[in-house]
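Chemist: Prediction below, plus the sequence it came from.
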Amino acid sequence: MPSFDPIKTKMEAEGIATSAISAFKSTFDSLVSGNTGIIPESSISPSPDLVDATSISGEPDTDLLSKTVVLKLNGGLGTGMGLDKAKSLLKVKGDDTFLDLTAKQVIKMRETYGSSVKFMLMNSFSTSEDTLAFFKEKYPELAKEEGLEMMQNKVPKLDATTYEPAQCESNPSNEWCPPGHGDLYAALVGSGRLDALLKDGFKYMFVSNSDNLGATLDLSILTHFATSDSPFMMECCERTENDKKGGHLAVRNKDKQLILRESAMCADEDEKDFQDISKHRYFNTNNLWIRLDKLQEIIKKHGGFVPLPMIMNKKTVDPKDDSSQKVVQLETAMGAAIECFQGASAIVVPRKRFAPVKKCNDLLLLRSDAYTINDEYIPELNPACNGVAPVMGLDSKKYKLVGALEEATLDGIPSLVQCKRLTIKGLVKMSSKTTFVGDVSIVNKSDERKPIPTGEVTGDLDLTEVSAGGCSIL
């Protein structure tokens, strides 16, 4: 059986915390034992009906704010969108970035309730420098607060055959990868932050992704979490056809424990059930509420870490070279910890609390007039959209990267507030003087970027044969 010793040696030489090494050993042991991580449909039942956050009654308890810490996961570079800096530093509304709006949300809440809600970031080695420089320049009061930053760990990529640490002599940094956001728990322990928070009287933590601006500290949900005495609570949304390929909440039959089943944990023969949104109705938003004292109990029980299910990704050691050494990258997901907390719960929240920006479709929509920023600096769908956001369909090959979208919108963002569906195929040039109305489909089969007409645009347009002067109806 492959040994963990060379992995441990490599991690220790890099100065990785003992808690992170222990957590990775747990994941490694799962790998070498032959555990596939598959959760058969026969072993689970659908989640029961969840409490609806919009139906919570009772007076919100502002006293809880002094015992609560808000943590944003900020380790991602946004490489899938062509970025080489912290994704959260991308401008999303006017000149405001994700972090601008997050900082303004925190400051506004402190002003509203007269309470210094504690704010933290979990950065990675890739995002730390840019992020801290941003806060020092724009939000110096937040920047100087003790414990603003907690660092994400890193773990070795493993040879796909021998499970020994991978080698990349041309670029040794390629030998390492992020451990997934399940590293939250090991980072809290290894940094000493968990002990420090508990010592300072903090009891509750709200965690969410930095690219989800809808995930704010909701006092009603916090009060519900505190009064329910649950050790761990997951915010879920109801699945739609668009969500059927993503993971879902379920109940493990043998002990009636709530668990998460991700797509990688589903056997091929169970795919139909996995995608049945009427059966498995809820998905994880990655907005989590954690009792810090209960987390510490679980960590002590398991010898210094939280035993999370393994997620295995098959890659090459150099992501830009398909012929380089084949490796496996082992990750864990923080939401999977729901199965480790006896008495864990979940709550269904409105879609407005789940608004991540994963693709240029999402970014263009958020930048447009289809979304407004309210007085609490939270993005909201424009009332003129009548509760339904436009369905976006940008050419995935032409507009996969942010740079391509930036080039297409040099003359401004078109109006989408009257648009129901927008489909664009090919290279185009947009303008703030354009208003999309109803269903719009635009095609340009040429290699030359063509301007979309100004004024109202509706229906099907073919720009292939036209010059900058006009367009033809399909």
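Modeler: Looks like it arrived, so ask away. Computed from a prediction, not measured in an experiment: that's the story for all the values here.
Chemist: you'd agree residue 366 is up against residue 381?
Modeler: No - Residue 366 is beyond contact range of residue 381, at 10.3 Å (criterion: Cβ atoms under 8 Å). C-beta coordinates here come from the backbone N, C-alpha and C atoms, glycine included.
Chemist: and the gap between residue 450 and residue 406?
Modeler: 17 Å (Cβ to Cβ, to the nearest Å).
Chemist: more crowded one of those two?
Modeler: A direct count of neighbours by other Cβ atoms under 10 Å for residue 450 and residue 406 places residue 450 higher, at 23 against 13.
Chemist: Now do the contacts for the more buried one.
Modeler: 426-429, 444, 463-464, 466, 468, 471 (Cβ atoms under 8 Å, 6 or more residues apart in numbering).
Chemist: now swap in residue 341 and tell me
Modeler: Residue 341 neighbours (Cβ under 8 Å, 6+ apart): 231-232, 294, 298.
Chemist: of those residues, closest to residue 354?
Modeler: residue 232 (18.4 Å; Cβ to Cβ).
Chemist: is it true that the closest one touches residue 290?
Modeler: Yes - between residue 232 and residue 290 there is a contact under Cβ under 8 Å: 5.7 Å.
Chemist: Settle it for me: which of these two has more neighbours?
Modeler: Shown here are residue 232 and residue 290; by other Cβ under 10 Å, residue 290 has more neighbours (27 against 24).
Chemist: now the residue lying closest to the more buried one once chain neighbours are set aside, which residues is it bridged with?
Modeler: Distance criterion Cβ to Cβ, 6 or more residues apart in numbering; nearest residue to residue 290, sequence neighbours excluded, is residue 205 at 4.6 Å. Going by DSSP bridges, residue 205 is paired in beta bridges with residue 69, residue 290.
Chemist: what about residue 100, distance to residue 148?
Modeler: With distances taken as Cβ to Cβ, residue 100 is found 16 Å from residue 148.
Chemist: So those two - more neighbours on which side?
Modeler: A side-by-side neighbour count of residue 100 and residue 148, using other Cβ under 10 Å, places residue 100 first with 20 against 17.
Chemist: mind listing what the residue minimising distance to the centre of the chain touches?
Modeler: For the chain, the residue nearest the mean C-alpha position is residue 209 (4.4 Å; Cα atoms, centre = their mean). Residues in contact with residue 209 (Cβ under 8 Å, 6+ apart) are 72-73, 181, 215, 286, 356.
Chemist: 6 Å - rerun?
Modeler: 73, 286 (Cβ atoms under 6 Å, 6 or more residues apart in numbering).
Chemist: can you check residue 287 too?
Modeler: 208, 215, 235.
Chemist: quick check, it in a strand?
Modeler: Yes - with DSSP: H, G, I helix; E, B strand; the rest coil as the criterion, residue 287 is part of a strand.
Chemist: quick one: which of the contacts of residue 341 is nearest to residue 87?
Modeler: residue 232 (26.5 Å).
Chemist: how near is the closest one to residue 289?
Modeler: 7 Å.
Chemist: Show me which residues of stretch 55-65 are buried.
Modeler: Going by neighbour count (16 or more other Cβ atoms under 10 Å), the buried part of stretch 55-65 is 60, 64-65.
Chemist: Tell me where the model's unsure across the stretch 251-400 of the chain.
Modeler: Low-confidence segments of the stretch 251-400 of the chain (pLDDT under 70): none present.
Chemist: At which residues are the helices of it located?
Modeler: 271-274, 292-301, 360-367 (DSSP state H, counting those that start in this stretch).
Chemist: Quickly compare the ones you listed and say which is most buried.
Modeler: Among the helices of the stretch 251-400 of the chain, ranked by average contacts under mean count of other Cβ atoms under 10 Å, first place goes to helix 360-367 (a mean of 21).
Chemist: other SSEs contacting that helix?
Modeler: strand 391-394 (3 or more Cβ pairs under 6 Å, 6 or more residues apart in numbering; DSSP states H and E).
Chemist: make it 10 Å
Modeler: Here helix 360-367 touches strand 91-93, strand 379-381, strand 391-394, helix 402-408, strand 415-425, going by 3 or more Cβ pairs under 10 Å, 6 or more residues apart in numbering; DSSP states H and E.
Chemist: Leaving out the residues flanking it, which one is nearest to residue 208?
Modeler: residue 215 (3.4 Å).
Chemist: before we move on, what SS does that neighbour have?
Modeler: Applying three-state DSSP: residue 215 is coil.
Chemist: do you know how far it is from residue 184?
Modeler: Relative to residue 184, residue 215 is positioned 15 Å away (Cβ to Cβ).
Chemist: CA atoms only for stretch 239-246 - export them in CSV, please.
Modeler: What follows is stretch 239-246, C-alpha atoms only, in CSV (Å, rounded to 0.1, in the frame of the first residue of the first chain):
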residue,chain,number,x,y,z
ARG,A,239,-33.3,23.0,-7.4
THR,A,240,-34.4,23.9,-10.9
GLU,A,241,-33.7,22.4,-14.3
ASN,A,242,-30.5,24.5,-14.4
ASP,A,243,-29.3,23.0,-11.1
LYS,A,244,-30.0,19.3,-11.8
LYS,A,245,-26.4,18.4,-12.4
GLY,A,246,-25.2,19.9,-9.2
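Chemist: Local confidence estimate at residue 117?
Modeler: Listed pLDDT for residue 117 reads 89.
Chemist: same thing with the one 3 residues further on?
Modeler: What the model reports for residue 120 is a pLDDT of 97.
Chemist: So for it, what's the nearest residue that isn't a sequence neighbour?
Modeler: residue 71 (4.5 Å).
Chemist: wait, doesn't the residue nearest to residue 208 sit right on residue 350?
Modeler: No - applying Cβ atoms under 10 Å, one finds residue 215 not in contact with residue 350, separated by 11.7 Å.
Chemist: overlap in contacts of the two?
Modeler: residue 235 (Cβ atoms under 10 Å, 6 or more residues apart in numbering).
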